[in-house]
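Asker: Fold the following.
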Amino acid sequence: MWAQRAARRLSAGFWRGSAAANFGYNGNVARKLLAAAALCAWAAFASEALVLTSPSGAVHFRITVEGQAVFYDVSLRGKPVIDPSRLGIVIDGVNLCDAARAGAPAVYKTDASYPVLGVHATARDKSNAARLPLTHVPSGTAFTIEARAYDNGVAFRYVVPGPADRARVPEDATVFRIAGGSTAWYHDLEGHYEGNYRKHAFEEIEQGDMAAVPMTFRLPGGTGYGSITEGALRHFPGMALEAGAGHTFHPLLGHDQPVSYPFALRFEKADWERLAIAPAIKGPITTPWRIILAAPDLNTLVNADIVTNVSDPPDPKYFPDGLHTKWVKPGRAVWRYLDGGPNTFEGMMEFSRLAGQLGFEYNVVEGLWRNWTSEQLKEFCDYSRQQGVGAILWAFRRDLGTPEQRRAFFDRIQQAGAAGAKIDFFDHEAMEVVDLYEDLLREAASRHMVIDFHGANKPTGLARTWPNELTREGIRGLESTRSMRAEHQTTILFSRLLAGGADYTPMIFGPRRNDTTVANQIASAAMITSPLLVYAANPASILASPAVAVIRSIPSVWDETIVLPPSEIGEFAAYARRRGDTWFLAVMNGPAPRKADLKLDFLGSGRYHSVAVRDAGETVEAAEGGASRADTLHLDLAAGGGMLERFSR
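Answerer: Next up is the predicted model:
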């Protein structure tokens with residue numbers, strides 16, 4: 001696979017062109033020095049083809065043509081986020097940006113609001129945008145770079161027209177040259193999208209390092225944060241990143257990514273080889289949007305909507321009322337997998353009863369249900385529904401690879417009365433697998449069923465297009481025992497969660513909580529966003545907790561989220577989150593003891609009744625009190641500690 005990939009890159013002209021074009025790729029020292037000199041003079045002779053400034057003026061996005069090579073750069077409040085970097089789209093081995101001529105851009109604006117599930121209830125899509133026409137001079141091939149500048153980042157994509165009867169092989173030759181002196185957080189691809197995030201100084205990153213996206217970085221000098229990911233991934237391979245020279249990263253598409261451990265565990269070598277072939281696409285080729293978030297602080301970063309902004313709205317054929325279509329119901333779920341309980345038909349009936357007692361909306365059942373008779377399955381679904389609980393049933397995606405298999409599966413669970421499916425073990429983002437996500441969502445939507453994807457890649461906004469996708473994994477959650485949770489949980493909030501909801505399966509009280517306290521675990525349920533919030537703890541343990549009244553009131557979606565200072569990636573996280581008139585203040589501490597003062601000025605006017613859940617040895621206590629926006633909360637947290645306080649009228 002790697003030899004094929006190298007050959008494709010060479011034929012694509014990845015290491016050809018001017019000195020500036022070569023800079024950032026592997027090469028000898030002389031070439032790098034020449035390239036550095038060229039870049040120093042770059043601004044003097046590069047012609048600006050497109051300049052976009054975000055509506056507030058905070059973000060600046062520029063595309064230039066230099067010697068027929070196409071570059072871009074991104075700045076935040078005048079400080080670099082992405083230094084001058086190559087743009088490139090490769091079609092059948094030819095990089096169309098290697099010898100390109102730009103035309104006059106067609107400018108436009110986006111300015112709309114729409115409902116979303118998760119960090120907040122209403123997303124804002126406001127940008128200054130343009131479509132820049134270009135022509136590959138040697139071949140005469142016309143193509144377009146579409147770009148948008150938002151106040152919290154930029155997005156761009158390549159569009160290459162083509163006849164419907166001709167298949168062509170695309171590759172992405174974009175370079176992301178991140179501002180020098182930055183610090184990044186990312187994990188490798190060994191576990192697909194289920195890795196432990198590590199902190200990396202850019203000077204220490206080795207060429208060839210692989211990074212799952214979103215990859216978040218802190219800019220030097222306290223100027224802000226950035227994060228690279230993608231949006232509107234449809235009928236195209238998914239993108240991870242590979243480190244190159246000179247603090248650059250390059251797209252690593254699904255077919256070029258190494259086989260992950262979970263994929264190798266569950267699939268045959270023939271599957272590896274098939275998915276390692278770059279796909280051919282008929283007709284026009286439209287890449288996913290390449291997204292670079294740029295924010296002065298963590299609150300702006302967490303509240304960015306670009307991933308969903310660039311994604312299509314719901315199809316009224318399936319969702320006549322859009323996100324608010326009646327059967328699309330976010331909610332909380334019980335799950336018998338990590339915290340014990342009989343793995344039997346009777347045990348699952350009891351979990352549904354307890355879910356109803358908690359006021360939770362779903363019971364997620366693993367593969368056990370496949371051993372039940374049709375009568376048992378219907379009895380279980382009927383009983384669960386009587387408790388106010390929908391049944392979500394597990395399936396292996398390998399068994400749903402054909403239209404016939406998908407129809408038979410969804411027909412069966414629909415006839416039994418299930419609310420939806422948890423579909424597992426994708427473990428790859430080759431185009432074939434990317435297409436399968438939508439095939440499954442379409443079949444589910446036609447039957448008014450919700451979906452939870454596991455063993456999945458990162459979200460890319462598909463939950464806006466198909467709101468019956470309530471959550472997906474694509475994260476190392478509590479199933480893994482190999483994470484030091486205090487650092488991990490205060491990192492994923494500002495990295496993986498930027499792409500969308502994550503089925504982390506939060507909150508457990510026993511040894512699996514690792515280096516975190518019980519209060520930290522309870523707070524995690526209010527901080528790790530997932531419109532289908534699946535709890536790891538046995539529901540009987542939740543009902544026995546001194547904090548049960550607060551836990552059962554934690555919603556799975558929020559109207560507003562504010563990241564409070566002094567939050568810091570991997571060290572400390574404090575969220576104020578609102579649902580209706582009720583506020584929750586949730587805190588997870590990292591691996592070191594910490595004192596922190598948190599102002600309650602996010603509260604409205606007047607006095608609130610409060611219930612604070614705090615650590616008390618190996619359990620928690622829930623203390624009632626009162627608070628107003630003039631108050632300041634003084635915290636003295638143990639390593640891995642936490643707290644959750646609810647404020648209500």
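Asker: What about the closest residue to E194 other than its chain neighbours, how many residues nearby?
Answerer: What sits nearest to E194 in space, not counting adjacent residues and going by CB to CB, 6 or more residues apart in numbering, is R476, at 4.4 Å. For the C-beta atoms, the positions are set from N, CA and C on the backbone; glycine is no exception. When neighbours are defined as other CB atoms under 10 Å, R476 has 22 of them.
Asker: Repeat that for E346.
Answerer: Around E346 there are 9 residues (other CB under 10 Å).
Asker: in a strand, that's where it is, yeah?
Answerer: No. Counting by DSSP: H, G, I helix; E, B strand; the rest coil, E346 is not found in a strand; it is helix.
Asker: now the residue nearest to the spatial centre of the chain: how far from M215?
Answerer: Against the mean C-alpha coordinate of the chain, by CA atoms, centre = their mean, the closest residue is A499 at 2.4 Å. The gap separating A499 from M215 is 11 Å, by CB to CB, to the nearest Å.
Asker: Okay, now the unreliable bits of the stretch 401-550 of the chain?
Answerer: Applying pLDDT under 70 to the stretch 401-550 of the chain picks out no residues at all.
Asker: Alpha carbons of stretch 290-299, as PDB, please.
Answerer: Provided in PDB are the C-alpha atoms of stretch 290-299 (Å, rounded to 0.1, in the frame of the first residue of the first chain):
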ATOM      1  CA  ARG A 290     -11.300  21.300   4.600                       C
ATOM      2  CA  ILE A 291     -12.000  23.200   7.800                       C
ATOM      3  CA  ILE A 292      -9.500  25.200   9.900                       C
ATOM      4  CA  LEU A 293     -11.100  26.500  13.100                       C
ATOM      5  CA  ALA A 294      -9.400  29.700  14.400                       C
ATOM      6  CA  ALA A 295     -10.500  31.100  17.800                       C
ATOM      7  CA  PRO A 296      -9.000  33.400  20.400                       C
ATOM      8  CA  ASP A 297     -10.300  31.300  23.300                       C
ATOM      9  CA  LEU A 298     -11.700  27.800  24.100                       C
ATOM     10  CA  ASN A 299     -15.200  29.100  24.400                       C
END
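Asker: re earlier: hey, what's in contact with both of A499 and M215?
Answerer: Common neighbours of A499 and M215, counting by CB atoms under 8 Å, 6 or more residues apart in numbering, are T229.
Asker: What is the burial count for the closest residue to E429 other than its chain neighbours?
Answerer: Counting by CB to CB, 6+ apart, E429 lies nearest to G238, which is 2.9 Å off, once chain neighbours are set aside. Applying other CB under 10 Å, we find 25 residues neighbouring G238.
Asker: backbone phi and psi for G238, please?
Answerer: Taking degrees, to the nearest 10, you get phi -70, psi 160 for the backbone angles of G238.
Asker: Report pLDDT for G604.
Answerer: Looking at G604, its pLDDT reads 97.
Asker: So it sits against R629, correct?
Answerer: Yes. Under the criterion of CB atoms under 8 Å, G604 makes contact with R629 at 7.0 Å.
Asker: Which residue of these two possesses the greater neighbour count?
Answerer: R629 (15 against 12).
Asker: circling back to that earlier point, tell me the phi and psi of the residue nearest to E194?
Answerer: phi -80, psi 100.
Asker: ok, the residue nearest to E429 to A430 distance?
Answerer: Relative to A430, and taking CB to CB, G238 is found at 8 Å.
Asker: which residues are common contacts for the two?
Answerer: Joint contacts of G238 and A430 (CB under 8 Å, 6+ apart) are G254.
Asker: which residues touch the residue nearest to the centre of the chain?
Answerer: Contacts of A499 (CB under 8 Å, 6+ apart): 213-214, 229, 307, 458-460, 474.
Asker: residues near the nearest residue to L275 once chain neighbours are set aside, how many?
Answerer: Distances taken as CB to CB, 6+ apart place A430 nearest to L275, at 4.0 Å, with adjacent residues excluded. Number of residues near A430 (other CB under 10 Å) recorded here: 23.
Asker: repeat for the one 3 residues further on
Answerer: V433 has 20 neighbouring residues, counting by other CB under 10 Å.
Asker: was I right about A416 contacting S384?
Answerer: No. Counting by CB under 8 Å, A416 stays clear of S384, with 10.5 Å between them.
Asker: neighbour count winner among these two?
Answerer: Between A416 and S384, counted using other CB under 10 Å, the more crowded position is S384 (26 against 20).
Asker: secondary structure class for the more buried one?
Answerer: Relying on three-state DSSP, one would call S384 helix.
Asker: What confidence value was assigned to it?
Answerer: pLDDT, read off for S384, is 98.
Asker: Check the one 3 residues further on too.
Answerer: pLDDT, Q387: 98.
Asker: now swap in N28 and tell me
Answerer: For N28, pLDDT reads 37.
Asker: try T308
Answerer: 98.
Asker: next one: the one 5 residues further on
Answerer: According to the model's per-residue confidence, P313 sits at a pLDDT of 98.
Asker: From A540, how far off is it?
Answerer: According to CB to CB, P313 and A540 sit 41 Å apart.
Asker: just I528 next, same as before
Answerer: The value you get for I528 to A540, if CB to CB is used, is 22 Å.
Asker: More neighbours: which of these two?
Answerer: I528 (25 against 16).
Asker: what's near enough to touch the more buried one?
Answerer: 489, 492-493, 497, 502, 504, 506.
Asker: What is the strand ranked longest in the chain packed up against?
Answerer: Ranked by number of residues, the top strand in the chain under DSSP state E is strand 122-136. Judged by 3 or more CB pairs under 8 Å, 6 or more residues apart in numbering; DSSP states H and E, strand 122-136 is in contact with strand 47-53, strand 100-102, strand 106-115, strand 141-150, helix 306-309.
Asker: 6 Å instead, please
Answerer: In terms of contacts (3 or more CB pairs under 6 Å, 6 or more residues apart in numbering; DSSP states H and E), strand 122-136 is packed against strand 47-53, strand 100-102, strand 106-115, strand 141-150.
Asker: Most tightly packed of those strands?
Answerer: With neighbours defined as mean count of other CB atoms under 10 Å, the helices and strands packed on strand 122-136 peak in mean count at strand 141-150, which reaches a mean of 22.
Asker: contact partners of that strand?
Answerer: Residues outside strand 141-150 that contact it (CB atoms under 6 Å, 6 or more residues apart in numbering): 52, 54, 59, 61, 96, 127-135, 155-160, 306.
Asker: in its sheet, what does that strand sit against?
Answerer: If you go by DSSP bridges, strand 141-150 pairs up with strand 122-136 (antiparallel), strand 153-160 (antiparallel).
Asker: okay if I get the ones you listed as JSON lines plus mean neighbour count, distance to A408 and mean pLDDT?
Answerer: Listed next are these as JSON lines, based on neighbours: other CB atoms under 10 Å; distance: least, CB to CB, whole Å; pLDDT from 0 to 100:
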{"stretch": "strand 122-136", "mean neighbour count": "19", "distance to A408": "37", "mean pLDDT": "98"}
{"stretch": "strand 153-160", "mean neighbour count": "24", "distance to A408": "36", "mean pLDDT": "99"}
